[in-house]
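Asks: What follows is a predicted structure for the sequence shown.
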Amino acid sequence: MSQSQTQVEKTIQGRPPKAAKIGLIVLKILIALAFISVWLSISTAWAVMTLPANLMANDSGNASLWDHATLMAGMAIGQLVFAAAGVPGGLAICWARLRKIWVWSFVILALAGVAIQVWAFKSFAAAMGW
């Protein structure tokens with residue numbers, strides 16, 4: 001009787017940590033999905049807000065069509081690269097074993113996206129004579 005009672009106690013004691021661990025994993029996955037969703041939403045809002053500005057940037061006609069196209073393409077590519085950074089950022093939250101790789105991927109993609117946008121704007125500003 002004591003042997004079966006100890007087995008029951010071990011079984012009961014073993015379940016809460018497993019359930020808690022599964023709950024923590026599910027919570028991390030939900031947080032990661034929320035991070036990716038918010039990141040992509042903010043990136044989409046940024047792209048939608050900058051599109052009219054990019055289209056009207058050469059209203060004075062001081063820059064060539066090539067310079068204007070370079071601005072628009074550079075900003076669009078930079079925004080896509082920046083938006084793509086949200087995926088490894090979210091994966092870093094829930095994938096502990098590869099967290100270092102995901103964090104570095106997130107940082108590199110985010111900085112590359114910003115750098116491409118800054119380059120596109122600076123090249124257009126130089127063409128405009130600013």
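Replies: That came through, no problem. All values reported here derive from a predicted model rather than from experimental measurement. Residues are numbered from 1 along each chain as shown.

Asks: Show me where this structure has its helices.
Replies: Ranges of helices within the chain are 2-55, 65-84, 86-94, 99-128, based on DSSP state H.

Asks: Among these, show the one with the smallest mean pLDDT.
Replies: Ranked on mean pLDDT, the bottom entry among the helices of the chain is helix 2-55, at a mean of 81.

Asks: Now do the contacts for S43.
Replies: Under the criterion of Cβ atoms under 8 Å, 6 or more residues apart in numbering, the contact list for S43 reads Q79, F82, A83, G86. Placement of C-beta: from N, CA and C, glycine included.

Asks: follow-up on the earlier one: so which of the helices of the chain is the most packed in?
Replies: The highest average neighbour count among these, using mean count of other Cβ atoms under 10 Å, belongs to helix 86-94 at a mean of 20.

Asks: Contacts for it next, please.
Replies: Outside helix 86-94, the residues that touch it by Cβ under 8 Å, 6+ apart are 25, 28-29, 31-33, 35-36, 39-40, 43, 98-99, 102-103, 105-106, 109-110.

Asks: give me that answer again for 7 Å
Replies: Contacts of helix 86-94 from elsewhere in the structure, counted by Cβ atoms under 7 Å, 6 or more residues apart in numbering, are 28-29, 31-33, 35-36, 39-40, 43, 99, 102-103, 105-106, 109.

Asks: ok now it, how far from the chain's centre?
Replies: Distance of helix 86-94 from the chain centroid (Cα atoms, centre = their mean, to the nearest Å) equals 7 Å.

Asks: what's the angle between that helix and helix 99-128?
Replies: Regarding helix 86-94 and helix 99-128, their directions subtend 150 degrees when assessed with axes from the mean of the first three to the mean of the last three Cα atoms, to 10 degrees.
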